[in-house]
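In: Here's my sequence, what's the structure:
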Amino acid sequence: QVQLVESGGGLVQAGGSLRLSCAASGRTFANYAMGWFRQTPGKEREFVAAISQRGIRQRYGDSVKGRFTISRDNAKNTVYLQMNSLKPEDTAVYYCAAAGAWLGDSMESSNEYDYWGQGTQVTVSS
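Out: Okay, the predicted model is just below:
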């Protein structure tokens, strides 16, 4: 089992920045590829970003490319999502998730992830 706890969400004005953190415990964090997803009421969970086990490879959803950056610190068992130039449409609950392997394009599918956090709310005001 891997337990994931997100933090860092909150209310920010459009154009501002936030950094989300996801702390992992349980099994060896460095063995897992990590991802961030987001969801708004009535919509499917949307892929945001993913990072491979050693942080060498990253993928981003089209809507966040150039604005968001995913990173990880395996010594701290933590994955981060730096969000810049935030827009009102970025408002959502953000979830981190752990996958047992790096699957390239398939990292954009929530089905490939084994463990999920409880989520943290991000609200961007206009």
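In: For the rest of this, base every contact and every neighbour count on C-alpha atoms.
Out: Fine.
In: Mind pulling the model confidence for the spatially most central residue of the chain?
Out: Nearest residue to the geometric centre of the chain (C-alpha atoms, centre = their mean): Trp36, 2.0 Å. Predicted confidence (pLDDT) for Trp36: 98.
In: Begin at 44 from now on, thanks
Out: With the count now opening at 44, the last piece we talked about shows up as Trp79.
In: Quick one, grab the pLDDT at the closest residue to it other than its chain neighbours.
Out: With sequence-adjacent residues excluded and distances taken as C-alpha to C-alpha, 6 or more residues apart in numbering, Trp79 is closest to Cys139, at 4.5 Å. Listed pLDDT for Cys139 reads 98.
In: how deep is the nearest residue to Ser128 once chain neighbours are set aside tucked in, by neighbour count?
Out: Once flanking residues are discounted, Ser128 sits nearest to Gly58: 4.2 Å by C-alpha to C-alpha, 6+ apart. A count of neighbours around Gly58, defined by other C-alpha atoms under 10 Å, yields 14.
In: Over to Gly58: give its phi and psi.
Out: phi 90, psi -10 (degrees, to the nearest 10).
In: one step back: check which helix or strand the residue nearest to Trp79 maps to.
Out: strand 135-142 (DSSP states H and E).
In: what's the straight distance from one end of stretch 90-107 to the other?
Out: Using C-alpha to C-alpha, to the nearest Å, one end of stretch 90-107 lies 10 Å from the other.
In: ok, now stretch 75-89?
Out: 20 Å.
In: Can you check my assumption that the residue nearest to the centre of the chain lies in a helix?
Out: No. Trp79: not assigned to a helix; according to DSSP: H, G, I helix; E, B strand; the rest coil it is strand.
In: Write down the beta-bridge partners of it, one by one.
Out: Beta bridges link Trp79 to Ala92, Cys139, judged by DSSP bridges.
In: Many thanks, we can stop here.
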